[in-house]
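Trainee: This is a predicted model, with the sequence first.
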Amino acid sequence: MTPRPVRRLQIAFLAALALALATSAPAQNRYGPGVSDTGIKVGNLVPYTGPFAEYGVIGRAEAAYFRMVNERGGINGRKVAFLSLDSGPKFQAALDQARALVERERVLLLFSTWGASVNRAIRPYLNERQVPQLFIASVGGDLEDPARFPWTMGFAPSRRTEAAAYAKYLLEHRPGARIAVLTSDDEDGAEYRGGLREGLGAKAEQMIVRESAFSYQDIDGIDALVAGFRQAGADVFMNLAVGRYATRGIRAAYDQGWRPLQFLPNAFLEPAGLEKAAGLICNARSKDWTTPEGRKDPAVQAFLAWMERYNPEGRLRDAQNVYGYEAAQALEEVLRRCGDELTRENVMRQATHLDLALGMLRPGIRLRTSPTDYRPIKDLFLVRFNGKEWVPLD
């Protein structure tokens with residue numbers, strides 16, 4: 001018969017072994033889908049073709065940034081596999097593309113997906129599957145809803161914030177302005193109009209002389225809308241369009257001999273002609289990287305060196321390169337903070353506790369988030385194009 005002390009020792013040993021296995025299990029299960037000891041899979045949807053192909057620059061810039069990260073050893077020793085699909089003209093296929101990234105490619109998260117309509121289409125699916133939809137490349141205010149969609153987080157200031165900034169400038173500097181407003185005929189355009197009216201307050205009815213909405217299926221129709229603004233006697237043009245549609249508005253105003261004070265959120269000036277864009281006011285949040293004075297900043301020098309080595313085909317004047325650089329830098333920091341606990345839950349935990357300065361952001365502008373605040377960047381400033389470069393206002 002085995003002596004009782006030995007049996008008690010065996011039982012104690014087995015209990016200790018079971019406890020050791022139990023406590024070690026979480027350490028072996030700290031990886032979510034798409035993560036290994038050597039890599040992290042990140043998904044992305046951006047239009048490389050179609051009517052919004054100008055924004056494909058963002059995806060290319062982000063891919064170039066992660067090439068730099070991987071060349072330097074990755075994030076905590078893991079290389080980033082950036083799987084970027086062309087959402088192009090197939091916005092209705094966005095949900096299928098998201099499913100392919102999540103279920104076939106098994107990405108850890110979706111990052112910097114461009115466009116309000118695309119992000120709205122995939123948001124319910126990603127939240128149901130508890131997949132981070134992180135730092136989306138859309139300024140739709142309705143996409144910031146952490147109570148209902150806790151896995152979806154924006155990045156830049158909302159349309160409402162942009163429009164309110166333009167309104168504030170006019171109230172201070174052009175209180176007698178006669179404003180014409182051009183927006184898209186969808187909920188994004190409605191958000192711009194609402195933000196502008198909210199910013200103008202009681203003076204909105206007096207100052208806004210005409211509002212017109214264009215269809216993305218009828219870019220030529222913008223010319224007639226601009227002609228109507230001129231006939232209405234407007235001296236301020238809120239060109240609240242995007243991409244080539246905003247460019248068309250710039251060109252139409254100039255070619256028709258109308259010279260209003262013009263505002264727009266996204267500036268693609270070269271296709272319109274730089275001389276036609278002189279005097280235009282836009283919003284910005286980043287440091288100036290185009291002038292000799294701005295290039296004295298060490299962070300700007302680092303950006304320019306990155307452009308030269310990793311993104312040489314990108315145009316320096318295109319601000320979408322800066323956007324992609326900043327967004328990728330923010331994701332790098334979130335993943336770095338995750339350490340070896342690269343789960344979807346920890347990604348969102350880190351993303352919702354940010355107080356982060358990025359080198360290319362203007363001093364005073366930081367990424368700040370909380371579990372109830374899903375808009376990392378809330379501030380912006382206004383710049384004017386003088387025909388050659390952007391100059392800060394006031």
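Mentor: Arrived safely, thanks for sending.
Trainee: What strand or helix carries the spatially closest residue to Pro271 that is not a sequence neighbour?
Mentor: Once flanking residues are discounted, Pro271 sits nearest to Thr247: 4.8 Å by C-beta to C-beta, 6 or more residues apart in numbering. C-beta here means a position set from N, CA and C on the backbone, and glycine is covered the same way. Here Thr247 sits within helix 243-255, counting by DSSP states H and E.
Trainee: re earlier: for the residue nearest to Pro271, list the residues it contacts.
Mentor: Contact partners of Thr247, counting by C-beta atoms under 8 Å, 6 or more residues apart in numbering, are 268-269, 271-272.
Trainee: Please apply the same query to Leu269.
Mentor: 247, 250, 277, 280, 317, 385.
Trainee: Tell me if I am right that it is in a helix.
Mentor: No. Looking at Leu269 with DSSP: H, G, I helix; E, B strand; the rest coil, it is coil, so not inside a helix.
Trainee: how close does it get to Val300?
Mentor: Using C-beta to C-beta, to the nearest Å, Leu269 is found at 20 Å from Val300.
Trainee: Pro132 now?
Mentor: 30 Å.
Trainee: Between the two, tell me which one has more neighbours.
Mentor: Pro132 (26 against 21; other C-beta atoms under 10 Å).
Trainee: Just give the closest residue to that one, not the sequence neighbours.
Mentor: That would be Leu109: by C-beta to C-beta, 6+ apart, it lies 3.8 Å from Pro132.
Trainee: The one you found and Tyr323: what is the separation?
Mentor: 19 Å.
Trainee: what's the neighbour count on Asn346?
Mentor: The burial count for Asn346: 19, using other C-beta under 10 Å.
Trainee: Excluding chain neighbours, give the residue nearest to it in space.
Mentor: Nearest to Asn346 is Cys338, by C-beta to C-beta, 6+ apart, at 5.0 Å.
Trainee: Report how many residues lie close to the nearest residue to Ala357 once chain neighbours are set aside.
Mentor: What sits nearest to Ala357 in space, not counting adjacent residues and going by C-beta to C-beta, 6+ apart, is Arg366, at 5.2 Å. Using other C-beta under 10 Å, Arg366 has 15 neighbouring residues.
Trainee: dump the residue contacts of Arg366.
Mentor: With C-beta under 8 Å, 6+ apart, Arg366 has these contacts: 355-357, 377.
Trainee: Show me where this structure has its helices.
Mentor: Secondary structure of the chain (DSSP state H): helices located at 4-24, 56-71, 94-99, 116-128, 159-173, 187-200, 204-207, 221-231, 243-255, 298-310, 320-338, 344-351.
Trainee: Distance to Val46 for those helices - can I get that in TSV?
Mentor: Shown next, in TSV, are the helices of the chain (distance: least, C-beta to C-beta, whole Å):
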stretch	distance to Val46
helix 4-24	41
helix 56-71	4
helix 94-99	11
helix 116-128	9
helix 159-173	19
helix 187-200	17
helix 204-207	35
helix 221-231	24
helix 243-255	13
helix 298-310	17
helix 320-338	9
helix 344-351	20
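Trainee: Columns mean pLDDT and distance to Gly88 on top of these, output as CSV?
Mentor: Output for the helices of the chain, formatted as CSV (pLDDT from 0 to 100; distance: least, C-beta to C-beta, whole Å):
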stretch, mean pLDDT, distance to Gly88
helix 4-24, 41, 47
helix 56-71, 98, 9
helix 94-99, 96, 10
helix 116-128, 96, 10
helix 159-173, 95, 23
helix 187-200, 95, 19
helix 204-207, 97, 37
helix 221-231, 97, 22
helix 243-255, 93, 13
helix 298-310, 98, 24
helix 320-338, 97, 16
helix 344-351, 98, 27
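Trainee: so which of the ones you listed gets nearest Gly43?
Mentor: Among the helices of the chain, the nearest to Gly43 by C-beta to C-beta is helix 94-99 (7.6 Å).
Trainee: Now find how far off-centre that closest one is within its chain.
Mentor: Chain-centre distance of helix 94-99: 19 Å, with C-alpha atoms, centre = their mean, to the nearest Å.
Trainee: Now do the buried residues in that helix.
Mentor: Judged by neighbour count using 16 or more other C-beta atoms under 10 Å, the buried positions of helix 94-99 are 94-95, 97-98.
Trainee: on that earlier part again, for the contacts of Thr247, which one is nearest Gly294?
Mentor: Leu269 (17.5 Å).
Trainee: could you measure that closest one against Gln133, distance?
Mentor: 31 Å.
Trainee: who's in contact with the spatially closest residue to Ala163 that is not a sequence neighbour?
Mentor: Nearest non-adjacent residue to Ala163, counting by C-beta to C-beta, 6+ apart: Gly195, 3.2 Å away. Residues in contact with Gly195 (C-beta under 8 Å, 6+ apart) are 158-164, 167.
Trainee: One more pass at 7 Å, please.
Mentor: By C-beta atoms under 7 Å, 6 or more residues apart in numbering, the residues touching Gly195 are 159-160, 162-164.
Trainee: can you check Arg368 too?
Mentor: Counted by C-beta under 7 Å, 6+ apart, Arg368 has contacts 354-355, 376.
Trainee: What about those, which one has the most neighbours?
Mentor: Neighbour max across those (other C-beta under 10 Å) = Pro376, 24 neighbours.
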